[in-house]
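Enquirer: Let's see this in three dimensions:
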Amino acid sequence: MTVNIHATEVIYPDSDGERMADNTLQFEWIVTIEGGLDALFRHDPDVFVAGDLLWYPVRGDNRIRLAPDALVAFGRPKGYRGSYRQWEEDGVAPQVVFEVLSPGNSRREMERKREWYARYGVQEYYEYDPDHGTISGWLRQGDALLPVAEMEGFVSPRLGVRFGLDGDDLVLTGPDGRRFESYVDQVQQRSDAEARAMWERERAEGERVRAEHERERAEHERERAEHERERAERARERAELEQAEALQARSRAEYAEQRANRLAARLRDLGLAED
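Expert: Numbers count the residues shown, from 1 in each chain. The predicted structure is shown next:
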């Protein structure tokens, strides 16, 4: 009887049974780095970013696998994956990998990981140790990953991300100048932005109310000035009328006096009145 050695399907588990992180600090940084990378390439449909995802580089061997804390695969579409099976990804290996160290990671263990990543095509590899505040990087040259001499201010060729340290904290700054932030920091920033926006709205409303009060006061002053002008105009008209009436009275008095003088002169001429 002939046995078909290809009849048995190889199973590629989506979990290796290992914890994502050994402690809360390591977990926080894994989530921050993966989230920052995902946000950085959120508008590019052909950049796949994942955290703690099993990567199987060799078809037919499910023992060759690693789960980087964060990986970036350029040229691969976004979307759900239970694991990264390289033969199903057009043979594209993740080009950039991050590992966040915990106190349980030995130097030899991390050396084996670097050798594994070098063997299976990683172009940029970065390690961050949050407990000691150190960051290290390696870039591919030929078949090897060689260390970056100085990581402070170093810019990833593929990511465009600048590396730095603020005390023991890793600082990753994207090409847009924005730092990678934890979810808590993002929520706090949104809360601060909302508080500032509310303050600006209240300030603008206060300015609007003050401007309305100023407008009403100016309108009141204009109306008062108009009333004063009208009152002055009426006073002027009354003065002119009184002046005209006085003039008429004087004219009438003068006319009456002239008439009386003429009448007296006539009476004298007629001898009817004494001089």
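
Enquirer: Spell out which residues make up each domain of this protein.
Expert: 24-181, 182-275 (automatic domain parsing).

Enquirer: Out of these, which is closest to Glu18?
Expert: With CB to CB, the closest approach to Glu18 among these belongs to domain 24-181: 7.2 Å. (C-beta placed from N, C-alpha, C; glycine too.)

Enquirer: returning to what we had before: tell me the most buried of the domains of the chain?
Expert: Most buried of the domains of the chain, by mean neighbour count (mean count of other CB atoms under 10 Å): domain 24-181, with a mean of 16.

Enquirer: show me the residues around Gly51 that make contact.
Expert: For Gly51, the contact set (CB atoms under 8 Å, 6 or more residues apart in numbering) comprises Met20, Ile30, Val31, Ile33, Glu34, Asp69, Ala70, Leu71.

Enquirer: scratch that, Glu115 is what I was asking about
Expert: Per CB under 8 Å, 6+ apart, neighbours of Glu115: none.

Enquirer: and the gap between it and Trp87?
Expert: Noted for Glu115: a distance of 22 Å to Trp87, by CB to CB, to the nearest Å.

Enquirer: now Asn62
Expert: 12 Å.

Enquirer: Same check on His220?
Expert: His220 is 83 Å from Trp87, by CB to CB.

Enquirer: again with Ala244
Expert: 114 Å.

Enquirer: same deal with Arg178?
Expert: Counting by CB to CB - Arg178 and Trp87 are separated by 36 Å.

Enquirer: Which strand in this protein has the most residues?
Expert: strand 134-141 (DSSP state E).

Enquirer: Packing partners of that one?
Expert: helix 107-119, strand 124-129, strand 144-147, strand 162-166 (3 or more CB pairs under 8 Å, 6 or more residues apart in numbering; DSSP states H and E).

Enquirer: quick one, which of the ones you listed is nearest to Glu216?
Expert: strand 162-166 (52.8 Å).

Enquirer: My read is that Arg65 contacts Asp16, right?
Expert: Yes: judged on CB atoms under 8 Å, Arg65 makes contact with Asp16 at a distance of 6.9 Å.

Enquirer: shared neighbours, those two?
Expert: What both Arg65 and Asp16 touch, as defined by CB under 8 Å, 6+ apart, is the set Leu54.

Enquirer: measure stretch 121-131 end to end?
Expert: Distance across stretch 121-131, first residue to last, is 29 Å (CA to CA, to the nearest Å).

Enquirer: Let me see the mean pLDDT of that stretch.
Expert: For stretch 121-131, mean pLDDT is 97.

Enquirer: mind starting the numbering at 446 from now?
Expert: Got it, the first residue is 446 from now on, which makes the last one we talked about stretch 566-576.

Enquirer: Name every strand pairing with the longest strand of the chain and say which way it goes.
Expert: With DSSP bridges as the test, strand 579-586 is paired with strand 569-574 (antiparallel), strand 589-592 (antiparallel).

Enquirer: orientation of that strand relative to helix 552-564 in degrees?
Expert: Between strand 579-586 and helix 552-564, the angle comes out at 30 degrees (axes from the mean of the first three to the mean of the last three CA atoms, to 10 degrees).

Enquirer: List the contacts of Gly605.
Expert: Gly605 neighbours (CB under 8 Å, 6+ apart): Gly619, Pro620.

Enquirer: Point me to the helix or strand that includes it.
Expert: Assigned by DSSP states H and E, Gly605 belongs to no helix or strand.

Enquirer: swap in Arg660?
Expert: Per DSSP H and E: helix 628-714 holds Arg660.

Enquirer: Ala515 contacts Phe543, correct?
Expert: Yes: Ala515 lies in contact with Phe543 (CB under 8 Å); the separation is 4.0 Å.

Enquirer: Which neighbours do the two have in common?
Expert: Ile478, Glu479, Leu482.
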